[in-house]
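**Q** Compute the structure for the input listed below.
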Amino acid sequence: MLRQAFLAASLCGFGLASALAADLTLTVGGARSANGSLGLAVFNSESAFPRAPQAFASVRIKAGQGDAVFTFHGLPPGKYAVSTYHDDNDNGKLDTDAFGFPTEGLGFSNEARVTTTGPPPFAKAAFDLGDEKKSVTIKLVY
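**A** Down below sits the predicted model:
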């Protein structure tokens, strides 16, 4: 037991533990205005996607002119999908019309698109993240 603890501490000291994690930089473009905020959510399972409360990692950032960039640090290797939306009125949710279609900008990794029955499947938006930095660009669709 003590030997395992020492080995784990040694690996951390030599930076080997950090080799098992990577940074994911998201660039979100196409916001119609600098009003409100952007909700970014990273998912690592099909069953959670794209339900924000079940995201592996999420953040809200201020919307602005031009592209918005945010980096999630230290994600373990795996298969991920990203969803984002422009909360133009900053009410904390994606607004929809009477038929349930989004009225605010929405986007997914791999340019996966909303279908007539709802969000794209995880498989269409998914990508592999290894132990190297990765950048993903998402264009909001209104």
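**Q** all strands for this structure, in order.
**A** Taking DSSP state E as the test, the strands found in the chain are 22-29, 37-43, 57-62, 68-75, 78-87, 106-108, 127-129, 134-139.
**Q** Let's check: the centremost residue of the chain is which one?
**A** In the chain, the residue lying closest to the centroid (CA atoms, centre = their mean) is Val42, at 3.0 Å.
**Q** Could I get the contacting residues of it?
**A** 24, 55-58, 72, 75, 80-82 (CB atoms under 8 Å, 6 or more residues apart in numbering). For glycine as for every other residue, the C-beta is placed from the backbone atoms N, C-alpha and C.
**Q** How much space separates it from Thr96?
**A** 23 Å (CB to CB, to the nearest Å).
**Q** Bridging across strands, which residues link to Arg60?
**A** Gly39 (DSSP bridges).
**Q** what's the pLDDT at it?
**A** With respect to pLDDT, Arg60 scores 97.
**Q** Would you check that it makes contact with Gly39?
**A** Yes. When contacts are counted by CB atoms under 8 Å, Arg60 is listed as touching Gly39 (5.4 Å).
**Q** And for the residue nearest to the centre of the chain, nearest residue in space, chain neighbours not counted?
**A** Closest residue to Val42 in three dimensions, ignoring its sequence neighbours and counting by CB to CB, 6 or more residues apart in numbering: Ala57, at 4.5 Å.
**Q** contacting residues around Gly30?
**A** 105, 107, 139-141.
**Q** now, which of those residues sits nearest Ala126?
**A** Each of the contacts of Gly30 was checked against Ala126 using CB to CB; the closest is Gly107, at 14.8 Å.
**Q** that older thread, which of the contacts of Val42 tops the neighbour count?
**A** Most neighbours among those, by other CB atoms under 10 Å: Ala81, with 29 neighbours.
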